[in-house]
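Visitor: just need the structure, nothing else, for what follows:
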Amino acid sequence: PLDQAEAYNLLIIQYTVRGQYLEAIQAGRETLKLLAVDLPQTDFQRVFDTEYSKLQASLQQRQLADLLELEEITAPDAKLVVKLLSNLGSAAYRYEQQLWQVIVVLSLNFFCDHGNSPESCYGYSNYVTLLGSVLGEYKAGYESCLVSLSLSERYQNSTQKSRACFILSNFVHSWVKPVQQADVINREGIQAGLESGEIQYVGYMLSYRITNLFFQGKSLELLLEDLLEAISFCQSTKNQWAIDALSGYQLTLLNLMGETTNPIWQKLPVVDNNDFSKACEAHHSFSGLCRYYILNCLTLYLDNQLRQALAVSELAAELLPYILGVVSIAEYYFYQSLVLTRLYATAGATEKAEFQLKLLDNKQHLQVWAEHCPENFYHLYKLVEAEIAQLDGQIWDAAQGYDQAIQAARQQGFISHEALAND
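Guide: Coordinates of the predicted model:
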């Protein structure tokens, strides 16, 4: 059974790289069954609640860092269970978020019961994302990610270091630390992945690196160079998920820049804007599709196509669970708020009431993130607050808010956001 399970573990990885997430999950479920581990097919919320309560009970008398001292797993079947859960987490995150949450807490409970192995690192990293993006415990999530990195260094395992850096730089860091610092971690993870042959995660990191750089407002010309490098690598390794996500940024840069004389455009693959959404859906690339919808909301807003921008933001809203922990979520609430405030004057009474509720909800999300990491989100929060104040006729408060947003964006180097605030 162990040899058969090892073969299926490789099949799970292959399915995931090709974007066949359902097949990966089905193979993983059957393989875990061979090792006496039950992965549910339904009723995910009930299973999560049960497993999370068990985990909380285990952690009641100790810190997560204390789990570094757990014994080493020696049983071959238990080691393989950790591998399977680790690799299944990637497929489940991209296909079924509730199942991913179950896998995360199942993994942590398995560590508590059986001990650690090198592959435990990614289980701890996934728990970090759960803490921050689902439970709102961002600082605890950041501290927990350091546990994963420490464990990878103890095992001197470059594969697990690559995965830990992937989670830290793209799902955790920017909610508590300046986003500009995430690129160093991303590059470190990419290098560790190249050294260890963890090509799948190198592609993922290249994709999210572009996301972070766009959020920072990096020069579009320089971003285009990074995009070509990322797409070329992901095409050579056949990482369809990353290719789809990066293609969304290619379409966005084309919308923002136009077809310039930059020779890079001739080196990039042709992406059909009309077929892009269907291709993402066919590949189950919902993270890339969600990020593209958010970017499209911005480009339509800049082009004053406000109704279309609102419509595409609503498409993005349905896919937000697929970008848990990614800074694109903050962009969604920010861009949609700008669209709503611009549309407000021409809206009817019923729609105005709906817009007010949505704007309040958006502002509250941005406020929470601004409290956790003012370097990245304070200027976004203040700009949305100023826009709302202007709608309410609070002209002085609005003027102060705009000034605060502009100053904060300038101080932190968010040039594109500063330009929006000046608009």
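
Visitor: my read: Glu221 touches Trp265, true?
Guide: No. With contact defined as Cβ atoms under 8 Å, Glu221 does not count as touching Trp265 (11.3 Å). For the C-beta atoms, the positions are set from N, CA and C on the backbone; glycine is no exception.

Visitor: these two: who's more crowded?
Guide: Counted by other Cβ atoms under 10 Å, Glu221 and Trp265 do not tie: Trp265 has more neighbours, with 16 against 12.

Visitor: ok, Trp100 to Tyr8 distance?
Guide: Distance of Trp100 to Tyr8, computed by Cβ to Cβ, to the nearest Å: 19 Å.

Visitor: right, and the helix or strand after the helix ranked longest in the chain?
Guide: Identified as the longest helix of the chain according to DSSP state H is helix 349-372. Where DSSP states H and E defines the elements, the next helix or strand beyond helix 349-372 is helix 374-391.

Visitor: list of residues touching that next one?
Guide: Residues from elsewhere that reach helix 374-391, judged by Cβ atoms under 8 Å, 6 or more residues apart in numbering: 174-175, 177-179, 327, 330, 333-334, 337-338, 341, 344, 359-360, 362-363, 366-367, 369-370, 395, 397-402, 404-406, 408-409, 412, 414, 417-418, 420-421.

Visitor: mind listing what's buried in that helix?
Guide: Applying a neighbour-count criterion of 16 or more other Cβ atoms under 10 Å, the buried positions in helix 374-391 are 375-391.

Visitor: same check, this time on stretch 349-366
Guide: 352, 355-356, 358-359, 362-363, 365-366.

Visitor: with respect to Gln56, which of those residues is nearest?
Guide: Nearest to Gln56 among the buried residues of stretch 349-366: His365, at 25.7 Å, using Cβ to Cβ.

Visitor: need the nearest residue in space to that closest one, chain neighbours excluded.
Guide: For His365, ignoring the flanking residues on the chain, the nearest one in space by Cβ to Cβ, 6 or more residues apart in numbering is Tyr333 at 4.9 Å.

Visitor: if I look at the one you found, how far off is Gln308?
Guide: Taken as Cβ to Cβ, the span from Tyr333 to Gln308 is 19 Å.

Visitor: tell me which of these two has more neighbours.
Guide: Counted by other Cβ under 10 Å, Tyr333 and Gln308 do not tie: Tyr333 has more neighbours, with 25 against 16.

Visitor: quick check, that one in contact with Val368.
Guide: No. Counting by Cβ under 8 Å, Tyr333 does not reach Val368; the two are 10.4 Å apart.

Visitor: stretch 287-296: how far from the chain's middle?
Guide: 12 Å (Cα atoms, centre = their mean, to the nearest Å).

Visitor: and stretch 364-378, by the same measure?
Guide: Distance, centroid of stretch 364-378 to centroid of chain: 17 Å (Cα atoms, centre = their mean).

Visitor: also stretch 24-34?
Guide: Counting by Cα atoms, centre = their mean, stretch 24-34 comes out at 25 Å from the chain centroid.

Visitor: ok, and what's touching that stretch?
Guide: 1, 4-5, 8-9, 11-12, 15-16, 38-39, 41, 81, 84-85, 87-88, 91-92, 95-96, 99.

Visitor: tell me the pLDDT at Val128?
Guide: As predicted, Val128 sits at a pLDDT of 81.

Visitor: let's verify it: helix, strand, or coil?
Guide: helix (DSSP: H, G, I helix; E, B strand; the rest coil).

Visitor: any idea how far it is from Leu55?
Guide: Using Cβ to Cβ, Val128 is found at 14 Å from Leu55.

Visitor: what about the two, which has more around it?
Guide: Val128 (28 against 19).

Visitor: what about the closest residue in space to Leu149 that isn't next to it in sequence, which helix or strand?
Guide: In space, and not counting its chain neighbours, Leu149 is closest to Ala164: 4.8 Å by Cβ to Cβ, 6+ apart. Assigned by DSSP H and E, Ala164 falls within helix 158-167.

Visitor: would you mind identifying the next helix or strand past that helix?
Guide: The first helix or strand that comes after helix 158-167 along the chain, using DSSP H and E, is helix 182-196.

Visitor: can you give me the buried ones in that following helix?
Guide: Quick answer for helix 182-196 (16+ other Cβ under 10 Å): 182-183, 185-186, 188-190, 192-193, 196.

Visitor: any chance you could map the strands in the chain?
Guide: With strands called from DSSP state E, the chain shows none.

Visitor: how about the least confident helix or strand in it by mean pLDDT: buried residues?
Guide: In the chain, no helix or strand scores lower on mean pLDDT, DSSP states H and E than helix 138-154, which sits at a mean of 84. For helix 138-154, a neighbour-count test (16+ other Cβ under 10 Å) marks 138, 140-149, 151-152 as buried.

Visitor: pull the contacting residues for the residue nearest the centre of the chain.
Guide: By Cα atoms, centre = their mean, the chain has its centre lying nearest to Val326, at 3.1 Å. Taking Cβ under 8 Å, 6+ apart, we find Val326 in contact with 170-171, 208, 211, 287, 291.
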